[in-house]
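Q: Quick one: sequence and predicted model below, then my questions.
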Amino acid sequence: MKSRGFFRNLMKPFTSNSSRDPNEVDLEKIAAQEQKEFSFETLVASTNNFHPTLKLGEGGFGPVYKGKLDDGREIAVKKLSQSSAQGKKEFQSESKLLARVQHRNVVNLFGYCLHGAEKLLVYQYVANESLDKLLFKSEKREVLDWKRRYEVIKGVAKGLLYLHEEAPCRIIHRDIKASNILLDDKWVPKISDFGMARLFPEDATHVNTRAAGTNGYMAPEYLMYGHLSEKADVFSFGVVVLELISGQKNSKFNRDPDSRNLLEWAYKLYKKERSLEIMDPTLTSSADAEQIAMCIQIGLLCVQSDPKSRPEMSRVVLIVSKKPGPLEDPMRPGYPGSRYRKPPRPTISSSNTSVLSNSNSESFGSTNVTLTASTSGLTSPGLDTRGKGFMEY
Ligand SMILES: Nc1ncnc2c1ncn2[C@@H]1O[C@H](COP(=O)(O)OP(=O)(O)OP(=O)(O)O)[C@@H](O)[C@H]1O
């Protein structure tokens, strides 16, 4: 780290290697943690020069490597390979701001590094795998008994509430999905990849071009019209809840030939008062039927077609933390990736045509969807009134 040497020199008169007071070492550690900028040399050393064996994986933004800092902290270094028009100063200040986003259920961003044209992000390392690997790709699925899954639901809800309402800057995540929920060694869920919209301000289509109609997590009004609000995250959260309970991946759903996806299946069963039938069979021995039924209802409330009907995260946290009173019945879910009925063309004067210029292809199962609305992702524009007048997707 850049100022380690400087800091050590500063401390020298007060410390000697032979008789170091543990409190002073702590002080040095705390100061190191305050430092948000990492030198490239530090990251090269801590990742063994980005050794392939330390590669944790590669996402849409670039490869991620495991590393260990001198002070003992384990890190995950994300090498951003996506080109962003963002200048160095802006990247620096945005990264510093995001490093202040700290919550038990959000992956901590320790800092960043600029090296020539390269931009890197340094995260807290989260020991267990991402939720999607455990839930959909692993034989270890049984380790996620109901108690743990319920804790994941509660933790993710709290993390999202923090991002929406309590963080130093208001953050709409835009990409809540099982692979962006990491589990630590105590199975505490941590939301990762928050704030990427802030670091890629030019990249308004990033999420869509990667995922349009295929990932199954995006709220239909966001996918089709670019209407972004916290309620888009609420929708994605609802999908994760239903996936956690059913063990089924929404985008690969094939349990019921009469249902287009997990959401429709869960809704149909709910209407027949048979909602517990979606439950993952591996949960049988650990299930708490009342809790599971309540979570299915929450999931369905979150994925409702009309964003205004979806609950705020503050309400979700309240419901899952305390035994709630009776909940309202969910209305039908929105179906990302399905065809939709175009809203009736509103009769509107020609002076308003710019408001209506956000036309979309009727078929959005492809990756060609382009957002024309603002998707900065961090300041909520609130629900665009263009959302009025359509409910059917
Ligand atoms: N802080 C972290 N601690 C441990 N592993 C991490 C951390 N951050 C990312 N990973 C792992 O690195 C891999 C790549 O993660 P990344 O978030 O870049 O992409 P992704 O979530 O797989 O895909 P996408 O970019 O589409 O969201 C994943 O396997 C993820 O579990």
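A: Done, it's in.
Q: Number of residues surrounding the residue nearest to residue 305 when sequence neighbours are not counted?
A: By the measure of C-beta to C-beta, 6 or more residues apart in numbering, the closest residue to residue 305 outside its immediate chain neighbours is residue 334, 3.9 Å from it. Backbone N, C-alpha and C define where each C-beta goes, glycine included. Using other C-beta atoms under 10 Å, residue 334 has 26 other residues around it.
Q: Name the helix or strand for residue 75, please.
A: For residue 75, the host element (DSSP states H and E) is strand 74-80.
Q: can you check residue 323 too?
A: With DSSP H and E as criterion, residue 323 is part of no helix or strand.
Q: repeat for the one 4 residues further on
A: Counting by DSSP H and E, there is no helix or strand that carries residue 327.
Q: which bits of the chain sit near the ligand?
A: Residues of the chain lying close to the ligand by C-beta under 6 Å from any ligand atom are 56-61, 64, 76, 78, 107, 123-126, 130, 175, 179-180, 182, 192-193.
Q: quick one on the thing from earlier: what comes up buried for the strand holding residue 75?
A: Residues of strand 74-80 classed as buried: 75-80 (neighbour count, 16 or more other C-beta atoms under 10 Å).
Q: got those residues as JSON lines, with pLDDT and distance to residue 51 columns?
A: JSON lines is the format used below for those (pLDDT from 0 to 100; distance: C-beta to C-beta, whole Å):
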{"residue": "75", "pLDDT": "98", "distance to residue 51": "14"}
{"residue": "76", "pLDDT": "97", "distance to residue 51": "14"}
{"residue": "77", "pLDDT": "97", "distance to residue 51": "11"}
{"residue": "78", "pLDDT": "95", "distance to residue 51": "16"}
{"residue": "79", "pLDDT": "94", "distance to residue 51": "13"}
{"residue": "80", "pLDDT": "90", "distance to residue 51": "19"}
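Q: Next, format those as CSV and append distance to residue 238.
A: Converted to CSV, the buried residues of strand 74-80 look like this (distance: C-beta to C-beta, whole Å):
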residue, distance to residue 238
75, 32
76, 27
77, 32
78, 27
79, 33
80, 30
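Q: can you pull the pLDDT of the residue of the chain found nearest the ligand?
A: For the chain, the residue closest to the ligand is residue 59, as judged by C-beta to the nearest ligand atom, at 1.9 Å. Confidence at residue 59, expressed as pLDDT, is 85.
Q: Surely it and residue 193 touch.
A: Yes: here residue 59 reaches residue 193: they are 7.5 Å apart, a contact under C-beta atoms under 8 Å.
Q: more neighbours, the two?
A: Using other C-beta under 10 Å as the criterion, residue 59 and residue 193 rank with residue 193 on top: 21 against 18.
Q: Hmm, the more buried one is touching residue 64, no?
A: No: counting by C-beta under 8 Å, residue 193 does not reach residue 64; the two are 10.3 Å apart.
Q: now the helices for the stretch 201-350 of the chain?
A: 206-211, 220-225, 230-246, 262-271, 289-302, 313-321 (DSSP state H, counting those that start in this stretch).
Q: Let me fix that, I meant to ask about the stretch 51-200 of the chain.
A: Counting by DSSP H, counting those that start in this stretch, the helices of the stretch 51-200 of the chain are 88-99, 131-136, 146-161, 196-199.
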